[in-house]
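Colleague: here's a sequence, model it:
(3 chains)
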Amino acid sequence: MPELPEVETVARHLAPKIVGKTCGSLIVSDIKLGNPPQNFKNYLINDVSRLGKEVLFQFSKNSKELYLLVHLRMSGRLLFNQGNSFEELEASDSYLEHKIIRIKSDNFSKHIRATFKFKDSELYFFDVRRFGTFKWHTKRPTLPEGTVDPVNKNFDFETFTELANKSKNLSVKNFLLRQDRISGIGNIYASEIAFSSRIRPTRIVGTLSKPELKKLFKSIPSILNKAILNNGTTFSDFQLDDSSTGNYQNFLKVYGKTNENCKICKTPISKIVQNQRSTFFCPQCQR
DNA sequence: CTTTCAGCCTGGGCGC
DNA sequence: TGCGCCCAGGCTGAAA
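Modeller: Residues are numbered from 1 along each chain as shown, chains lettered A, B, ... in the order given. A predicted model of the protein is given here:
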């Protein structure tokens, strides 16, 4: 599902609901997620934040810390259920998740891969495609050395230039998708960022002029922060846990707009495939 | 080292 | 209705 702005949105909306709660237990029903540490009981949730494209939970018990990184991959979601039994939720008209997930008359519960149990509420890890992952740490995980978060204030042009130099031979699109260099950009925002900087996604990084590099650099936090302000992009399988939706889909300029007219020059938007993934761009505006 | 590409999963949507 | 095919906000690892 999600790229940096969607994961940031999930963490921001989830934190006020569960920070300070004690997680009585965790039931993992999908073996692919692995087991929680032994005796994972009665841990206090101290924080919910984002690390790259992952949601980072910080727990503690008796001054011992424990961390969980949840990668949502393509279809993972964290759904907070305040108070109601699942059966009540399913039967309820106000239970909008159903309509939004658009899993036909399927039963919803079979896609719940893990459940965090609180005193009077629950948090579900819901993941249709089962690509999501759990990783447990006893020390706070960080991005690897040399990897930057593009909305962090320490992401400056100098850093970006160094990363671009390491990626001289990559296309702009593939450079933007390198998680071990800039962490957080995915398939939607890679196209949007390239459009915003007027650079064709197939351009080789080493051929970019300094002004082009600068434009590309500026577009990255600009696009990502605007998406965060709008709670990310909502498609059929991304939904905030509280049934409100992200709005950035209304601001997309090229992603998914094949043959629609470019917002700037009216030229039909092109779709190509790079590294087995769709790329969208305006053949007129982007050179 | 690079690039390519099947694979991991499930379900929606479309054409026939 | 149903079947076969293509598509999907990600990423890994084997093969070339």
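Colleague: residues from chain A in reach of DNA strand C?
Modeller: With C-beta under 7 Å from any atom of the strand as the criterion, chain A meets DNA strand C at residues A:1-3, A:6, A:52-53, A:71, A:73-74, A:129, A:131, A:177, A:179, A:186-188, A:232-238, A:276-278. For glycine as for every other residue, the C-beta is placed from the backbone atoms N, C-alpha and C.
Colleague: nearest residue to A:Val254 in space, please, no chain neighbours.
Modeller: A:Phe280 (4.1 Å; C-beta to C-beta, 6 or more residues apart in numbering).
Colleague: give me the buried stretch members for stretch A:18-38, please.
Modeller: The neighbour-count check on stretch A:18-38 (16 or more other C-beta atoms under 10 Å) flags A:Ile18, A:Lys21, A:Cys23, A:Leu26, A:Val28, A:Leu33, A:Pro36 as buried.
Colleague: brain fart, stretch A:202-216
Modeller: Buried residues in stretch A:202-216 (16+ other C-beta under 10 Å): A:Arg203, A:Val205, A:Leu208, A:Glu212, A:Leu213, A:Leu216.
Colleague: any chance of those residues in JSON lines with secondary structure and pLDDT as columns?
Modeller: Putting those into JSON lines (DSSP: H, G, I helix; E, B strand; the rest coil; pLDDT from 0 to 100) gives the following:
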{"residue": "A:Arg203", "secondary structure": "coil", "pLDDT": "97"}
{"residue": "A:Val205", "secondary structure": "helix", "pLDDT": "97"}
{"residue": "A:Leu208", "secondary structure": "coil", "pLDDT": "97"}
{"residue": "A:Glu212", "secondary structure": "helix", "pLDDT": "98"}
{"residue": "A:Leu213", "secondary structure": "helix", "pLDDT": "97"}
{"residue": "A:Leu216", "secondary structure": "helix", "pLDDT": "98"}
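Colleague: so which of those residues is the closest to DNA strand B?
Modeller: A:Val205 (10.2 Å; C-beta to the nearest atom of the strand).
Colleague: and the closest one, how far is that from DNA strand C?
Modeller: 18 Å (C-beta to the nearest atom of the strand, to the nearest Å).
Colleague: that residue against A:Val172, yeah?
Modeller: Yes: with contact defined as C-beta atoms under 8 Å, A:Val205 and A:Val172 form a contacting pair (6.1 Å).
Colleague: quick check: the residue of the stretch 151-287 of chain A nearest DNA strand C.
Modeller: A:Gly186 (2.2 Å).
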